[in-house]
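[1] When you get a sec, could you give me coordinates for this:
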Amino acid sequence: MTRHPFKHLAFIASLCAATALAPLPVFAQATVQDGIKVRPLSNTRIFAGGENFNEKSKLQYTQLLREAKDKNALVSDNDPQVKRLRAIAQRIIPFAARWNDAASSWQWQINLLNSDEVNAFCMPGGQIAFYSGILNKLNLTDDEVAVVMGHEISHALREHAQAQAGKGNLAAVGAKLAGAGLSAWLGVDPNLTSTATNMAAQGVMLKFSRDDEREADLIGMDLAARAGFDPRAGVVLWQKMAAVSKGAPPEFLSTHPSGSDRISQMNNHMAQVLPLYARTKGVSVDALPPYRSNVVATR
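    Below you'll find the predicted structure:
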């Protein structure tokens, strides 16, 4: 792919080291669920330690919030945008177990970080964070937020971080946070000598494969549609991405499918997800009004 919208947190150095000593696993074949080609979760679970992996991620998320709070970058629970994000999440989360039965016992968290970065992530185990930049610069509607959130949640549900950990993708684990990165806006020293401390303080990001991104795009649309959000928002979201970057992908995008490729895939899958959305509205697909967005996106 060319570029990807959302880089993601993955705190996996020790797991990668353990994996390097493990025997080569036998993979199950990809299957089709709800019209989406997915890799069996058993493949990722061969590599990474399930709940232990999630617990490590949760600890890192807690550290991230602590650092953000210390720098007055953690938005208050009473903020309207925080309430908005949590309300959207509460509509999406009940459908998460369709894609990973373990999600029904995850301890979900949703927080907003005060940063101009156009970014969002969901960590293994269900810890979600949005940056204020993605809400403000893209002027997202609730439907568009739901598509972003669904995408990020899908990475966690399909255990993409675990899969990448199992492949020993240590170079990707060392990737910087989007743009200037968390180290800049939290004031964290990027040259800490301890790898573990450095990962905890900076929130090292993981790049996912093209197949992971395609899977997350489609499952994210499925989650949003089932929760009553218009999946057509995904197309507008990518149009806004192009507008805000003036044709050049933002720094937080990685070498993953291009915006045009993503839009094409979403449109090709729309016949499967749009009826799910229409059903939540109690109407036929033909009776749905055109999708309306907050068109303007700003740099």
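[2] residue contacts, residue 154?
    Taking CB atoms under 8 Å, 6 or more residues apart in numbering as the criterion, residue 154 is in contact with 99, 215-217, 219-220, 223. All C-beta spots, glycine's among them, are computed from the backbone N, C-alpha and C.
[3] Make JSON lines out of the residues you listed and add pLDDT and distance to residue 60.
    Below are the contacts of residue 154 laid out as JSON lines (pLDDT from 0 to 100; distance: CB to CB, whole Å):
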{"residue": "99", "pLDDT": "92", "distance to residue 60": "23"}
{"residue": "215", "pLDDT": "84", "distance to residue 60": "24"}
{"residue": "216", "pLDDT": "88", "distance to residue 60": "20"}
{"residue": "217", "pLDDT": "89", "distance to residue 60": "25"}
{"residue": "219", "pLDDT": "93", "distance to residue 60": "24"}
{"residue": "220", "pLDDT": "95", "distance to residue 60": "23"}
{"residue": "223", "pLDDT": "97", "distance to residue 60": "24"}
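[4] Now do the buried residues in the longest helix belonging to the chain.
    The single longest helix within the chain, with elements called by DSSP state H, is helix 259-281. For helix 259-281, a neighbour-count test (16 or more other CB atoms under 10 Å) marks 259, 261-263, 265-266, 269-270, 272-274, 276-278 as buried.
[5] just those residues now: which is nearest residue 143?
    For residue 143, the nearest member of those is residue 277. The distance, counting by CB to CB, is 9.2 Å.
[6] So that closest one is in contact with residue 233, correct?
    No - Residue 277 lies out of contact with residue 233 (CB atoms under 8 Å); the separation is 9.9 Å.
[7] Compare the contacts of residue 154 and tell me which has the most neighbours.
    For these, the largest neighbour count, defined by other CB atoms under 10 Å, is 29 neighbours, found at residue 223.
[8] The closest residue to that one other than its chain neighbours and residue 99: what is the separation?
    Closest residue to residue 223 in three dimensions, ignoring its sequence neighbours and counting by CB to CB, 6 or more residues apart in numbering: residue 150, at 3.9 Å. Counting by CB to CB, to the nearest Å, the separation of residue 150 from residue 99 is 10 Å.
[9] returning to what we had before: show me what the longest helix of the chain is packed against.
    Helix 259-281 makes packing contacts with helix 210-226, helix 233-245 when contacts are defined by 3 or more CB pairs under 8 Å, 6 or more residues apart in numbering; DSSP states H and E.
[10] so the residue nearest to residue 223 makes contact with residue 215?
    No - taking CB under 8 Å as the contact criterion, residue 150 and residue 215 are not neighbours in contact, 11.9 Å apart.
[11] which ones are touching residue 275?
    Under the criterion of CB under 8 Å, 6+ apart, the neighbours of residue 275 are residue 285.
[12] so where do the helices sit in the stretch 51-200 of the chain?
    80-92, 132-137, 142-157, 160-166, 170-173, 182-186, 195-202 (DSSP state H, counting those that start in this stretch).
[13] Are there residues contacting both of residue 150 and residue 99? Which ones?
    Joint contacts of residue 150 and residue 99 (CB under 8 Å, 6+ apart) are 219, 223.
[14] can you give me the angle the longest helix of the chain makes with helix 210-226?
    Here helix 259-281 runs at 30 degrees with respect to helix 210-226, directions being taken by axes from the mean of the first three to the mean of the last three CA atoms, to 10 degrees.
[15] Which stretch among the helices and strands packed on helix 259-281 is buried most, on average?
    Per-residue neighbour counts averaged over each of the helices and strands packed on helix 259-281 give the maximum for helix 210-226, namely a mean of 25 (mean count of other CB atoms under 10 Å).
[16] Pull out the CA atoms of that one and give them to me as CSV.
    Output for helix 210-226, consisting of C-alpha atoms alone and laid out as CSV, is shown next (Å, rounded to 0.1, in the frame of the first residue of the first chain):
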residue,chain,number,x,y,z
ARG,A,210,-1.5,-4.2,3.7
ASP,A,211,-3.7,-7.2,4.4
ASP,A,212,-4.1,-6.0,8.1
GLU,A,213,-5.2,-2.6,6.9
ARG,A,214,-7.7,-3.9,4.3
GLU,A,215,-9.1,-6.2,6.9
ALA,A,216,-9.4,-3.4,9.5
ASP,A,217,-11.1,-1.1,6.9
LEU,A,218,-13.8,-3.6,6.1
ILE,A,219,-14.4,-4.9,9.6
GLY,A,220,-14.4,-1.2,10.9
MET,A,221,-17.2,-0.5,8.4
ASP,A,222,-19.1,-3.6,9.5
LEU,A,223,-18.9,-2.5,13.2
ALA,A,224,-19.9,1.0,12.4
ALA,A,225,-22.9,-0.1,10.3
ARG,A,226,-24.2,-2.6,12.9
